[in-house]
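Participant: Provided below are the primary sequence and the corresponding predicted coordinates.
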Number of protein chains: 2
Amino acid sequence: MHKKLFIPGPVEVREDVLEKMATPMIGHRSKDASALQRGISDKLRLVFNTKEEILLSTSSGSGLMEGAIRSCTAKRAAVFSIGAFGKRWYEMALNNNVPADLYEVEWGEALNPQFVDEVLGTGKYDLITITHNETSTGIMNPVEELAKVIKKYPDVVWCLDTVSSMGGTKIEVDKLGVDICITSSQKAIGLPPGLAICSFSKKAVERAKTVEFRGYYLDLLNLYEFIQKKDYQYPSTPSLSHMFALDYVLDNMLKEGLENRYNRHIEMAEYVRNWARKYFEVFGDENNLSNTVTTIKNTRGISVADLNKKLGERGFQISNGYGKLKEKTFRIAHMAEMTLDDIKELICNINDILGLE
Amino acid sequence: MHKKLFIPGPVEVREDVLEKMATPMIGHRSKDASALQRGISDKLRLVFNTKEEILLSTSSGSGLMEGAIRSCTAKRAAVFSIGAFGKRWYEMALNNNVPADLYEVEWGEALNPQFVDEVLGTGKYDLITITHNETSTGIMNPVEELAKVIKKYPDVVWCLDTVSSMGGTKIEVDKLGVDICITSSQKAIGLPPGLAICSFSKKAVERAKTVEFRGYYLDLLNLYEFIQKKDYQYPSTPSLSHMFALDYVLDNMLKEGLENRYNRHIEMAEYVRNWARKYFEVFGDENNLSNTVTTIKNTRGISVADLNKKLGERGFQISNGYGKLKEKTFRIAHMAEMTLDDIKELICNINDILGLE
């Protein structure tokens, strides 16, 4: 039996979207490929709220995260981490011999703008990485507040991981001043995994030109220059199946209306939070909760693994806590094409299994 | 109108295979994902003729090529190039600060084992890269002859690019002594682009352990160690759609019988070559022609672009010559699920357009 996925990626993909994954192939050096990929970038600019270039990479979000920190750190990177995925940037920097320092806050907390100001004030850094929506904790960083601080440092390239938020909450890339905003297909955008997406500002382009060893496949400047020269064709054969499906999904997103879409996510998030507050506790800083995934403190001491097994028998799947939060928390994702009715159906089944209400 | 693809990738994908790309999602940290990916690796071992580990990467073949030369060069790499894709390894090495030398032969020629012997005899190299089947020229290197020479240098890690040959011609990875044999989904395997595959020998594992900066997403040792620890789950969310389709394709391949499949490719190749010899000339070394793609010398001075346009109106697409061979040659791919009848239909249309016979 298929299990409906309420995990923070890969998400449940609508049947009509899946069908687009089965589109027959076209040549990747054809005019049709150029038109398809150019169209996708145009539509993504509306979702990202940016006039900058959009890059598509046949990789996971991690691929572009690595590409960003490696391609655009000339001096030293400040990695701000509020959970597992924030810390991954640091590992990537170290593995690429990119000078970097890690600044961590307690899991469940958001990033304090003043802390970022203090770190950048040292003048040591020319790139910072921030996780917008930390999937491991369910915290969404206050990017507007952070942007005010980061704008004081015009030489700093800002990389923002919106892997689990873009498409589920409004992110105004240009207004915030984000230089490289990264997301991935299998989260709030509602596609299968296999494609990563980022915006790439002119500041980031100029910075990358000063960095000597940027690699090949994940070199953002290589991608950028190639698509300028070759009308949105990519250096290597891209996942055309994802391109077909992404193009379709973006049309649907714009048809739904972005504001409607974001409101739908807020509505689902609030429903899950209210339920969690009634029977458990919401994990983490109440002022900075995610609109796409809720982490619930296991205050009743249930077996999360057991709950998930029983949900599985009914055709649903949620997520256990991530890493050190396993069994201490569990996570319910409410993103992409999920509706409030889907969420209500899930919660109803959880209540039934746990004997709540 | 859909154009049937006779280009050397992406290839025409069968409808039943495309349907598998539309399989509903599963969690990438689930037992189902482990079983799927473990099964794929087991089946791929039969195709690769290897007992070594198989790694799957959500990237193009270029991604794994870069990962291989970067992860496993401790001293210096010797890059042997017989065309555009051979040379790409060199670019990758330079972009990653990996010491490397490029040894090129004229486009259309195969690699001479004695030449390889001389180069390795200098003792300067601990890794070599060879293109098995050069898509830009239609030449297939004599790997059995090359293997005899390379075996004399047990400290050398051998990387072989079989992107456009694996699945279309027999390659005995372990018998040859290839350490990292790389291929890609969208060529002779018959899937859409978006997934790269390689074998990874114990010698390569040990070598990678001595290399300090191997990156993250394309670090072959990271992939290897992760799947050992996590029962064939990957560090980042992989393209599950490709996994479903690959699993299905491998079943079909084994059902057809690998020898039958390779013979089918030989039959198609011979048909195209004989036609080319009659009206044009076959490009390159007659003793080392590819079984998956034929490059034809444009001895009649036709406009290849025009021919392809007219073929397009009839629902077919072939390839112009690659790079500097554009218009001087053209290419017909005969790989994956194509049959002799498909090839005959194409040739019949080319004859008709050009007024041949």
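Facilitator: Sure thing, it's come through.
Participant: so the helix or strand residue A:18 falls within, near chain B or not?
Facilitator: Applying DSSP states H and E as the criterion places residue A:18 in helix A:15-20. Yes - judged by C-beta under 8 Å from any C-beta of the partner chain, helix A:15-20 and chain B are in contact via A:15, A:18, A:19. Bear in mind the C-beta positions are built from the backbone N, C-alpha and C, glycine included.
Participant: and the second one, how many neighbours?
Facilitator: If you count neighbours by other C-beta atoms under 10 Å in any protein chain shown, residue A:18 ends up with 19.
Participant: that one reaches residue B:23, doesn't it?
Facilitator: Yes - judged on C-beta atoms under 8 Å, residue A:18 makes contact with residue B:23 at a distance of 7.4 Å.
Participant: which positions in the stretch 251-357 of chain A make contact with chain B?
Facilitator: Neighbours of chain B within the stretch 251-357 of chain A, by C-beta under 8 Å from any C-beta: residue A:317.
Participant: low pLDDT regions in the stretch 251-357 of chain A?
Facilitator: Applying pLDDT under 70 to the stretch 251-357 of chain A flags no residue at all.
Participant: hang on, residue A:331 is in a strand, isn't it?
Facilitator: Yes - assessed by DSSP: H, G, I helix; E, B strand; the rest coil, residue A:331 belongs to a strand.
Participant: and the residue lying closest to it once chain neighbours are set aside, how close does it get to residue A:308?
Facilitator: Spatial nearest neighbour of residue A:331, chain neighbours left out: residue A:319 (4.1 Å); criterion: C-beta to C-beta, 6 or more residues apart in numbering or on different chains. Separation of residue A:319 from residue A:308 (C-beta to C-beta, to the nearest Å): 8 Å.
Participant: more neighbours, the two?
Facilitator: Taking neighbours as other C-beta under 10 Å, residue A:319 and residue A:308 compare with residue A:319 leading, 24 against 21.
Participant: quick one: contacts for the more buried one?
Facilitator: Shown in contact with residue A:319 (C-beta atoms under 8 Å, 6 or more residues apart in numbering or on different chains): A:6, A:7, A:8, A:308, A:330, A:331, A:332, A:333.
Participant: give me the three-state assignment for the fourth one.
Facilitator: This means residue A:308. Look at residue A:308: counting by three-state DSSP, its state is helix.
Participant: ok, it to residue A:353 distance?
Facilitator: 10 Å.
Participant: pretty sure residue A:210 sits against residue A:74.
Facilitator: Yes - Residue A:210 lies in contact with residue A:74 (C-beta under 8 Å); the separation is 5.0 Å.
Participant: the two: who's more crowded?
Facilitator: In terms of neighbours (other C-beta under 10 Å), residue A:74 is the more surrounded of residue A:210 and residue A:74; the figures are 17 against 10.
Participant: backbone dihedrals for that one, please?
Facilitator: Backbone torsions of residue A:74, given as degrees, to the nearest 10, read phi -100, psi -40.
Participant: tell me the contacts of it?
Facilitator: With C-beta under 8 Å, 6+ apart as the criterion, the residues that contact residue A:74 are A:126, A:127, A:207, A:210, A:211.
Participant: tell me the one of these nearest chain B?
Facilitator: residue A:211 (10.8 Å; C-beta to the nearest C-beta).
Participant: re the thing from before, the helix holding residue A:18 - contacts with which helices or strands?
Facilitator: Counting contacts by 3 or more C-beta pairs under 8 Å, 6 or more residues apart in numbering or on different chains; DSSP states H and E, helix A:15-20 is packed against helix A:240-256.
Participant: so what touches the helix or strand hosting residue A:348?
Facilitator: Counting by DSSP H and E, the element that carries residue A:348 is helix A:340-354. Contacting residues not belonging to helix A:340-354 are listed as A:4, A:6, A:264, A:267-268, A:271-272, A:275, A:279, A:300, A:302, A:307, A:310-311, A:314, A:316, A:318, A:332, A:334, A:356-357 [C-beta under 8 Å, 6+ apart].
Participant: report the buried residues of that helix.
Facilitator: Neighbour counts over helix A:340-354 (16 or more other C-beta atoms under 10 Å in any protein chain shown) mark A:342, A:343, A:346, A:347, A:349, A:350, A:353 as buried.
Participant: how far off strand A:329-333 does it point, in degrees?
Facilitator: 150 degrees (axes from the mean of the first three to the mean of the last three C-alpha atoms, to 10 degrees).
Participant: roughly how far out does helix A:340-354 sit from the chain middle?
Facilitator: Centroid separation for helix A:340-354 versus its chain: 26 Å, with C-alpha atoms, centre = their mean, to the nearest Å.
Participant: would you map the helices across chain A?
Facilitator: A:15-20, A:31-48, A:61-72, A:84-95, A:113-121, A:143-150, A:173-176, A:202-209, A:220-229, A:240-256, A:258-279, A:304-313, A:340-354 (DSSP state H).
Participant: most packed of those?
Facilitator: Highest mean neighbour count of these: helix A:61-72, a mean of 29 (counted as mean count of other C-beta atoms under 10 Å in any protein chain shown).
Participant: against which helices or strands is that helix packed?
Facilitator: Looks like helix A:61-72 contacts strand A:53-57, helix A:84-95, strand A:127-131, strand A:157-161, strand A:180-184, strand A:196-200, helix A:202-209, helix A:220-229 (3+ C-beta pairs under 8 Å, 6+ apart).
Participant: rerun at 6 Å
Facilitator: If you count contacts as 3 or more C-beta pairs under 6 Å, 6 or more residues apart in numbering or on different chains; DSSP states H and E, helix A:61-72 packs onto helix A:84-95, strand A:180-184, strand A:196-200, helix A:202-209, helix A:220-229.
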